[in-house]
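S.K.: sharing a model that was predicted from the sequence below.
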Amino acid sequence: MGNASRLLPLIPLIPGISSLVLALFGRAMGRAWAGRLASGAVGASLVLAAIGFADVTGAAPGQRAITVQLFEWVAAGSFHARAALVLDPLSSIMALVVTGVGFVIHVYSQGYMVGERDIGRYFSYLNLFIAFMLLLVLAENLLFMFVGWEGVGLCSYLLIGFWFERETANAAGMKAFIVNRIGDFGFLIGILMTFVVFGTVSFAEFLPLVPTQDARVLNAIGILLFVGAIGKSAQIPLHVWLPDAMVGPTPVSALIHAATMVTAGVYMVARTAPLYAEAPMALGLVGAIGAVTALLAATIALAQEDLKRVLAYSTVSQLGYMFLACGVGAFSAAIFHLVTHAFFKALLFLCAGSVMHALAGETNIRKMGGLRERLPVTYRTFVMGTLALAGIPPFAGFFSKDEALWSAFREGYFLLWAAGLAGAFLTALYMGRLWILVFEGRFRGGSETAHALPESPPSMTWPLWALAAGSAVVGFIGIPHHSWIETFLAPSLAVRTPRPSSMYVEASLMILNVVIAAGGLLLARRVYSAEPGLPETMVKEPGRLHRLLREGYRVDALYDVLIVRPVLLLSRVVLWRAVDRSLVDGSINGWARLVRVGGEGLRLSQSGNLRLYLFFLFAGVMALLGWMILGTTWAS
């Protein structure tokens, strides 16, 4: 573990320094060198993360955690918080995922962002995103984690609004920033309450003390921390920012959805797993929110017409599966699904970027179709990502999603299991719909576009193959149940002793999952292949249910009526008119008027008329004499 302790601080530091260099000199470097520097920095962090991971796996089970203190950060009375990093089984896996998938996305960006004017700023933000996410997963305490937590929120705002000259990008970036502040407020209160209860925010210090505390206190802390996770990981009801975030560059969408930002909430719950294991109400809320999100987001994805928004709602749904697994106590299953999801979701977003590259930025799936022969690499890799997301063996999503659903069934959470199973069917259905409408049938984009559909350059296709390979093989680390990943993560998580189960029941449920996923894909093929004009018909003559799903159950409209408009009205009527115009401007303007009136009065006394001056002098002398005489009289 000696190597890991020396190299650990460099893992987040290298992309952080690279970000600073790119911010200062990126424009002068040019596109090629800026991309190489950014990719090289993340690649170096990947190598260091791999070395750290190897050291952790090679250590004895009881010695798989090292802490490196950087400096004493906060010391105020009895409150102390260190700027320290910890490398253990959980953080080493997360660091490997963040740097590995992040490196592939950086390489892809070099081809995708060709022609972008401000490429230095783009790669600077991208490197900073990786640095803050690494800080988040390696932080030794909750307060230091909060620095990375806020950092990824800042980077998401910067990258979603990267094309700031577009009003939609500005609005989406602001929306993501504001919605996350709502969740982060709860998270910060949870951190403060943790200190009040335990006297520390260090994971190594307060988690062992959890069994000594009252369950009601632990439930309160767990719920407050989970509020932050709801915002950061886009769970209902704070999910509304993530679909709008698709206006940013597609590699940014891939990074947010696969390796950074939205996975932070799942990681935080897993990191504090011993607390949630002793807080049944908070844990139940985690599972319930996850199951509801997994199901409802899948239904919304069915009616979306934008390629990236379908994938965005898919991410919201899959994050729901991760929280569902956490909610039934299967934290290792949640991290397993997080790892596999990082590969196939990054793959699907980058495939979407490849399609957009060929179609000059088009994202409307009604204007696609017939791309199977025109974009062969994109098609094949997209199919692999689709099969992984749908849960078809032997692709990665099958193993991790099956583990999450099996954990819910095994622990007796049959309602959550049923919701997850229904969501799995809908996942296969909307991904089958996407597959067919984008790649099969005839091209619907117009004859002027059909003749110019080149496959993406190697700088974009090789990353697709790399992620497709990961989507195909990474799931095997979860074979069999009670596998290597569960054993490896056990020191970092509160792993419950699973209930006794029948091998035949487990095998039957596994087969059921495959049948459900295959049924969803086959139904999509039957419906959309038999009626290729169905998308246009549903858009022109949408039913009430289709319109409701397309509008995301009108949650945004509800927020607009209940929150946005009243806040704007309050701002205009009270804050602007009453406070700003009347109080602030009124007080300033009032003093100005007072000075002006006083000046005009004094101006009359400086007329230059000698007789008037003598009159004022005489009046002054008489007034002074009168005051002295009266004063003497009263004194006597």
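M.R.: Perfect, thanks for sending it. Here the structure is a predicted model, which is why all the values come from computation and not from measurement. Residues are numbered from 1 along each chain as shown.
S.K.: going forward, measure contacts between C-alpha atoms and count neighbours the same way
M.R.: OK.
S.K.: neighbours of the residue nearest to Leu285 when sequence neighbours are not counted, how many?
M.R.: Spatial nearest neighbour of Leu285, chain neighbours left out: Gly327 (7.3 Å); criterion: Cα to Cα, 6 or more residues apart in numbering. Using other Cα atoms under 10 Å, Gly327 has 29 neighbouring residues.
S.K.: likewise Phe187?
M.R.: 26.
S.K.: test my guess that it contacts Val227.
M.R.: Yes - at 6.2 Å, Phe187 counts as touching Val227 under the criterion of Cα atoms under 8 Å.
S.K.: residue contacts, the residue nearest to Leu285?
M.R.: Residues in contact with Gly327 (Cα atoms under 8 Å, 6 or more residues apart in numbering) are 283-288, 290.
S.K.: nearest to Ala277 among these?
M.R.: Leu283 (7.1 Å; Cα to Cα).
S.K.: the closest one should be in a helix, yeah?
M.R.: Yes - Leu283: assigned to a helix according to DSSP: H, G, I helix; E, B strand; the rest coil.
S.K.: wait, it touches Tyr276, no?
M.R.: Yes - the criterion here is Cα under 8 Å, and Leu283 meets it with Tyr276 at 5.6 Å.
S.K.: outline the domain layout of the chain.
M.R.: 1-186+233-272, 279-550 (automatic domain parsing).
S.K.: select, out of those domains, the one closest to Tyr613.
M.R.: The nearest among the domains of the chain, by Cα to Cα, is domain 1-186+233-272 at 65.4 Å.
S.K.: on that earlier part again, Leu283 and Tyr276 - which one has more neighbours?
M.R.: Each of Leu283 and Tyr276 had its neighbours counted (other Cα under 10 Å), and the higher figure belongs to Tyr276 (28 against 25).
S.K.: chain center to whatever helix or strand that one lives in: distance?
M.R.: Per DSSP states H and E, Tyr276 falls inside helix 273-277. On the basis of Cα atoms, centre = their mean, to the nearest Å, helix 273-277 is displaced by 23 Å from the centre of the chain it belongs to.
S.K.: helices of the stretch 401-550 of the chain, start to end?
M.R.: 414-439, 447-450, 458-473, 484-489, 503-530, 534-540, 544-550 (DSSP state H, counting those that start in this stretch).
S.K.: which of these is buried the deepest?
M.R.: Comparing the helices of the stretch 401-550 of the chain by mean neighbour count (mean count of other Cα atoms under 10 Å), helix 414-439 comes out on top with a mean of 24.
S.K.: quick one: that one to helix 503-530, angle?
M.R.: Here the directions of helix 414-439 and helix 503-530 differ by 30 degrees (axes from the mean of the first three to the mean of the last three Cα atoms, to 10 degrees).
S.K.: mind giving me the packing neighbours of helix 414-439?
M.R.: Packed against helix 414-439 by the contact rule (3 or more Cα pairs under 8 Å, 6 or more residues apart in numbering; DSSP states H and E) you find helix 280-301, helix 307-327, helix 376-390, helix 396-410, helix 503-530.
S.K.: and the angle from it to helix 396-410?
M.R.: Orientation check (the same axes, to 10 degrees): helix 414-439 against helix 396-410 gives 160 degrees.
S.K.: what's the offset of helix 414-439 from the middle of its chain?
M.R.: Using Cα atoms, centre = their mean, the offset of helix 414-439 from its chain centre is 22 Å.
S.K.: avg pLDDT for that helix?
M.R.: When pLDDT is averaged over helix 414-439, the result is 94.
S.K.: between helix 376-390 and it, find me the angle.
M.R.: 170 degrees.
S.K.: lowest average confidence, helix or strand, in this protein?
M.R.: Within the chain, confidence by mean pLDDT, DSSP states H and E is lowest for helix 447-450 among all helices and strands, at a mean of 55.
S.K.: beyond the longest strand belonging to the chain, next helix or strand please.
M.R.: The longest strand of the chain (DSSP state E) is strand 66-76. For strand 66-76, the following helix or strand on the C-terminal side (DSSP H and E) is strand 79-87.
S.K.: next, the angle from the following helix or strand past that following strand to strand 79-87.
M.R.: Counting by DSSP H and E, the next helix or strand C-terminal to strand 79-87 is helix 89-112. Here helix 89-112 points in a direction 70 degrees away from that of strand 79-87 (the same axes, to 10 degrees).
S.K.: what's the following helix or strand after helix 89-112?
M.R.: helix 119-138.
S.K.: let's test this: mean pLDDT of that next one, rounded?
M.R.: Mean predicted confidence for helix 119-138 is 94.
S.K.: next one: that helix to chain centre, how far?
M.R.: Offset of helix 119-138 from its chain centre (Cα atoms, centre = their mean): 13 Å.
S.K.: export it as CSV, just CAs?
M.R.: Extracted C-alpha coordinates of helix 119-138, given in CSV (Å, rounded to 0.1, in the frame of the first residue of the first chain):
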residue,chain,number,x,y,z
ILE,A,119,-11.8,24.3,-27.3
GLY,A,120,-9.4,25.2,-24.5
ARG,A,121,-12.3,26.3,-22.3
TYR,A,122,-14.2,23.1,-23.0
PHE,A,123,-11.4,20.8,-22.1
SER,A,124,-10.6,22.9,-19.0
TYR,A,125,-14.1,22.5,-17.7
LEU,A,126,-14.0,18.8,-18.6
ASN,A,127,-10.8,18.2,-16.7
LEU,A,128,-12.1,20.2,-13.7
PHE,A,129,-15.2,18.0,-13.7
ILE,A,130,-13.1,14.9,-13.4
ALA,A,131,-10.9,16.4,-10.7
PHE,A,132,-13.9,17.4,-8.5
MET,A,133,-15.6,14.0,-9.0
LEU,A,134,-12.3,12.3,-7.9
LEU,A,135,-12.2,14.6,-4.9
LEU,A,136,-15.8,13.6,-4.1
VAL,A,137,-15.2,9.9,-4.2
LEU,A,138,-11.8,10.0,-2.4
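S.K.: start at 267 instead
M.R.: Okay, using 267 as the starting number, the last item reads as helix 385-404.
S.K.: what's the angle from that helix to strand 345-353?
M.R.: Here helix 385-404 runs at an angle of 100 degrees relative to strand 345-353 (the same axes, to 10 degrees).
S.K.: what helices or strands is helix 385-404 leaning on?
M.R.: Using 3+ Cα pairs under 8 Å, 6+ apart: helix 385-404 touches helix 276-295, helix 297-324, strand 345-353, helix 355-378, helix 408-426, helix 529-537.
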